[in-house]
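> Quick one, structure for this:
(one chain, ligands or ions: 2)
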Amino acid sequence: MAVRINPSILAADFANFERELGRIGTADSVHVDIMDNHFVPNLTFGMAMTERLQELSTIPLDLHLMIENPDRWAPGYAELGVHSVTFHAEATADPVALARRLRSIGARAGIALKPGTALAPVLEILHEFDQILVMTVEPGFGGQKFDASTMPKLAELRRAVSNSGLDLWLQVDGGITEETIIMAAESGADTFVAGSSVFRADDPAAQIEHLRAAALAHVHSNQ
Ligand code: DX5
Ligand code: ZN
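Ligands and ions are numbered 1, 2, ... in the order given. Predicted structure coming up:
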């Protein structure tokens, strides 16, 4: 039973990414939040920075695209050779075509759902994806409070995935701490994005192991 801890560099020092990557080398992947100031009211960076992060990182890149028109832009990110590319269900015109394109390029394909976005349409197309991201805050900013009202959706998704027999990773993102990770693990997540709780820790490597231990102790019994 595997769990994955993916620190989000949204909480890192943006002027020192090389050093910050060095602090999280024991994590499973580095979660990279791409924001365009349109899909969300915040702006991070784009292709050039992602390409450089891909060169510098010793662990895989897990991209979270919070951008409009991912149908147009996401394949270019996949072509950088990143491990996974997750786009938002609310932003895409054709999730199946985009997922197939990402997979054909060689990236894991992921779809993300905002807290208020219904799960039902995604349940019809689960087999097109390698991972599903259930947002546990409104996307756009780090340091927000975990929204426990998203847990029933995660649990329903876990049931559907278990019944399907598909090998899908279920990711949560937003407000993950040593406390909230327990609820997320019990509700069926196996991949945990944590920004503030890792990068604000004195010892990020120790915090990654604390989060990993807490998740492993509470991971859903159906996984
Ligand atoms: C929010 C981002 C998250 C963010 C999480 O829109 O998608 O990845 O970095 O940060 P924390 O863990 O601080 O809530
Ligand atoms: Zn994210």
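> Apart from its neighbours in sequence, what residue is nearest Pro121?
Spatial nearest neighbour of Pro121, chain neighbours left out: Ala89 (7.3 Å); criterion: CB to CB, 6 or more residues apart in numbering. All C-beta atoms are positioned from the backbone trio N, CA, C, and that covers glycine.
> How about Met49?
Residue nearest to Met49 in three dimensions, not counting chain neighbours: Phe17, with 7.9 Å by CB to CB, 6+ apart.
> quick one: stretch 174-188 near ligand 2?
No - judged by CB under 5 Å from the ion, stretch 174-188 stays clear of ligand 2, getting no closer than 7.4 Å.
> now that stretch, how far from the chain's geometric center?
Stretch 174-188 has its C-alpha centroid displaced from the chain centroid by 14 Å (CA atoms, centre = their mean, to the nearest Å).
> The closest residue to Ala148 other than its chain neighbours and ligand 1, how far apart?
Distance criterion CB to CB, 6+ apart; nearest residue to Ala148, sequence neighbours excluded, is Met183 at 6.3 Å. Distance from Met183 to ligand 1, counting by CB to the nearest ligand atom, to the nearest Å: 14 Å.
> what does Ser196 give?
With CB to the nearest ligand atom as the criterion, Ser196 and ligand 1 are 3 Å apart.
> Equivalent analysis for Ile67, please.
Relative to ligand 1, and taking CB to the nearest ligand atom, Ile67 is found at 12 Å.
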